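Participant: The sequence isn't on hand, but the structure is:
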């Protein structure tokens, strides 16, 4: 199967990210985006992970150009409020931990927690990640001289941006100038044969069709009837109220992180942009009605203008199609699958799936192997991340509502074993057999989430051995290393003390406004 002509059905972030990636990789292909003028864009995926930097680099997209065109800002971390217990919060920062001169890697902090149990769980990120000095002090700088250890601005920042404007920016500034065609038209007639799609509306024909039609999955689901594998048993959230709110005090509210706050029947995202805040309540309608959820959300927002805001109610479907490349149709974005918005994974799956797609398409002809390999790679990434999201609920000790009690009582291990990705193996091995040193690597978010939820990602056998020491033995052997954790935090704070404030950094480098440092 050759694919000289490609039609992408659906616009939005997924559609235009697909068009941009394909025209970058295959500049001589005939690529068209057919976008309905009557279907609203979901547009709630305004928060990203640092992995998106690999994609923007591949496309040679300049940060300053697209951020200024999408009301974007830089993101350094994700904060989780009231997830473990009400009244507690912790961060999952980007970047690397500082293990220099540690006695036993990340275990140094767990020795501290063991002997000083009053230490808040949030102190883990503060003690291990130098980037937290930027987060806690509302600072940002390029760190070109590597003053702040283990912080690489280029790799350790992500973005907040307006997803609707991002799709438009890609269309106008990247895709159309490179030759992508754009048709605004509703698809009302789809002809197919044993090889897949033959034509759209009797006139639009291609070798390859990319389904970017959101949850509707017009081609993959509605036309080809590809089965959908639900994740509802692990991730029950299926609804969301979304709203855009103006700043009350931008200087205080513009933060370099996404804040996720657990409520009685789900959680609320808070994503600052340059001109406003995007926020929404993700919940399950098995536990609360839409009207009750909206009332709970408005109470949480606690704004005088709350009744003047425009709230949108969204229906979500968690899961993924059995195959993602069927005949001559490939799924991208919500049309392929969806986890839920926690951990900013919406656009993550888009750009990761796209890189898998071009890897398999670069062979010029598409074989069944290429199609199956695309499905395999995407579903492996998807299931790994789905489990990572599920663990945010599995590790919670909230029991104040039926929603949270059901999470507490669910047989998580059985659910997660059926996925068998690397995250599951690490957790279950660490929790069950203890036959090796099952400390989690100092990369990714796994150890941050578990520490924030007070589940120690260390070999408890070794840790329990150390806790059996007398106080004198402990002080002689470990107090120096524990004290170093406090000293380092002060050193990091000192480094960033005279650096630009976060908002002034954005003014000076993205929006070119007058600022006072």
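Facilitator: Yep, that arrived. Note that the structure is predicted; figures quoted are calculated from it, not measured.

Participant: use CA for all of it now, contacts and neighbours both
Facilitator: Fine.

Participant: Touching, residue 220 and residue 328? I think so.
Facilitator: No. Using CA atoms under 8 Å, residue 220 is not in contact with residue 328; the gap is 9.9 Å.

Participant: okay, these two: which has more neighbours?
Facilitator: Shown here are residue 220 and residue 328; by other CA atoms under 10 Å, residue 220 has more neighbours (31 against 21).

Participant: Can you give me the distance of that one to residue 330?
Facilitator: According to CA to CA, to the nearest Å, residue 220 and residue 330 sit 7 Å apart.

Participant: so how far is the first residue of stretch 106-123 from its last?
Facilitator: 13 Å.

Participant: cool, and stretch 250-270?
Facilitator: 14 Å.

Participant: Next: stretch 83-92.
Facilitator: OK, stretch 83-92 end separation, CA to CA: 13 Å.

Participant: Also stretch 342-350?
Facilitator: With CA to CA as the measure, stretch 342-350 spans 15 Å from end to end.

Participant: what mean pLDDT would you report for it?
Facilitator: Here stretch 342-350 scores 90 as its mean pLDDT.

Participant: for stretch 406-421, same thing?
Facilitator: Mean predicted lDDT for stretch 406-421 stands at 65.

Participant: Could you do stretch 98-108 as well?
Facilitator: Summarised as a single mean, pLDDT over stretch 98-108 is 83.

Participant: Need the per-residue pLDDT for residue 439.
Facilitator: pLDDT, residue 439: 45.

Participant: One more: the one 4 residues further on?
Facilitator: Looking at residue 443, its pLDDT is 60.

Participant: do the one 5 residues further on as well
Facilitator: As summarised for this prediction, residue 448 has a pLDDT of 87.

Participant: Check for me that it belongs to a strand.
Facilitator: No. Looking at residue 448 with DSSP: H, G, I helix; E, B strand; the rest coil, it is helix, so not inside a strand.

Participant: Show the contacting residues for the closest residue to it other than its chain neighbours.
Facilitator: Nearest non-adjacent residue to residue 448, counting by CA to CA, 6 or more residues apart in numbering: residue 92, 5.5 Å away. Residues near residue 92 by CA atoms under 8 Å, 6 or more residues apart in numbering: 77, 78, 79, 80, 125, 445, 448, 449.

Participant: Going by neighbour count, which of the residues you listed comes out on top?
Facilitator: Busiest of those [other CA under 10 Å] is residue 80, holding 27 neighbours.

Participant: Excluding residues flanking it in the chain, which one is nearest it?
Facilitator: residue 260 (4.9 Å).

Participant: Who does the one you found form a beta bridge with?
Facilitator: Applying DSSP bridges to residue 260 gives these bridge partners: residue 80, residue 269.

Participant: Burial check on it, number of neighbours?
Facilitator: 24.

Participant: so can I have a markdown table of the contacts of residue 92 showing distance to residue 110?
Facilitator: A markdown table is the format used below for the contacts of residue 92 (distance: CA to CA, whole Å):
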| residue | distance to residue 110 |
| --- | --- |
| 77 | 22 |
| 78 | 22 |
| 79 | 21 |
| 80 | 20 |
| 125 | 12 |
| 445 | 17 |
| 448 | 12 |
| 449 | 14 |
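
Participant: For residue 220 and residue 330, list the residues in contact with both.
Facilitator: 211, 324.

Participant: residues in contact with residue 397?
Facilitator: Per CA under 8 Å, 6+ apart, neighbours of residue 397: 83, 84, 85, 404, 408.

Participant: Could you export those residues as TSV, including distance to residue 25, neighbour count and secondary structure?
Facilitator: Below are the contacts of residue 397 laid out as TSV (distance: CA to CA, whole Å; neighbours: other CA atoms under 10 Å; DSSP: H, G, I helix; E, B strand; the rest coil):
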residue	distance to residue 25	neighbour count	secondary structure
83	42	26	coil
84	44	24	coil
85	47	15	coil
404	46	22	helix
408	46	17	helix
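
Participant: Specify which member of the residues you listed is nearest to residue 212.
Facilitator: Taking CA to CA as the measure, residue 212 lies nearest residue 83 of those, at 32.7 Å.

Participant: Look at the closest one and report its pLDDT.
Facilitator: 97.

Participant: ok, now how distant is it from residue 394?
Facilitator: 10 Å.

Participant: how close does the spatially most central residue of the chain sit to residue 498?
Facilitator: Among the residues of the chain, the one closest to the centroid is residue 344, at 2.2 Å (CA atoms, centre = their mean). Residue 344 is 31 Å from residue 498, where distance means CA to CA.

Participant: One more: residue 389?
Facilitator: Taking CA to CA as the measure, residue 389 falls 37 Å from residue 498.

Participant: More neighbours: those two, which one.
Facilitator: Between residue 389 and residue 498, counted using other CA under 10 Å, residue 389 has the larger neighbour count: 22 against 10.

Participant: check contacts around residue 53.
Facilitator: 154, 155, 158.

Participant: Can you turn the buried part of these into a PyMOL selection?
Facilitator: The buried subset of those, as determined by 16 or more other CA atoms under 10 Å, is captured in PyMOL by this line:
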select buried, resi 158
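
Participant: got TSV for the contacts of residue 53, with pLDDT and distance to residue 13 too?
Facilitator: As requested, the contacts of residue 53 are exported to TSV (pLDDT from 0 to 100; distance: CA to CA, whole Å):
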residue	pLDDT	distance to residue 13
154	94	23
155	94	22
158	96	16
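
Participant: how near is the closest residue to residue 12 other than its chain neighbours to residue 68?
Facilitator: Residue nearest to residue 12 in three dimensions, not counting chain neighbours: residue 167, with 5.1 Å by CA to CA, 6+ apart. The spacing between residue 167 and residue 68, counted by CA to CA, is 14 Å.

Participant: where does the residue nearest to residue 80 land on pLDDT?
Facilitator: 97.

Participant: I'd like to check which residues are in contact with it.
Facilitator: Neighbouring residues of residue 260 by CA under 8 Å, 6+ apart: 78, 79, 80, 81, 267, 268, 269, 270, 342.

Participant: Many thanks, we can stop here.
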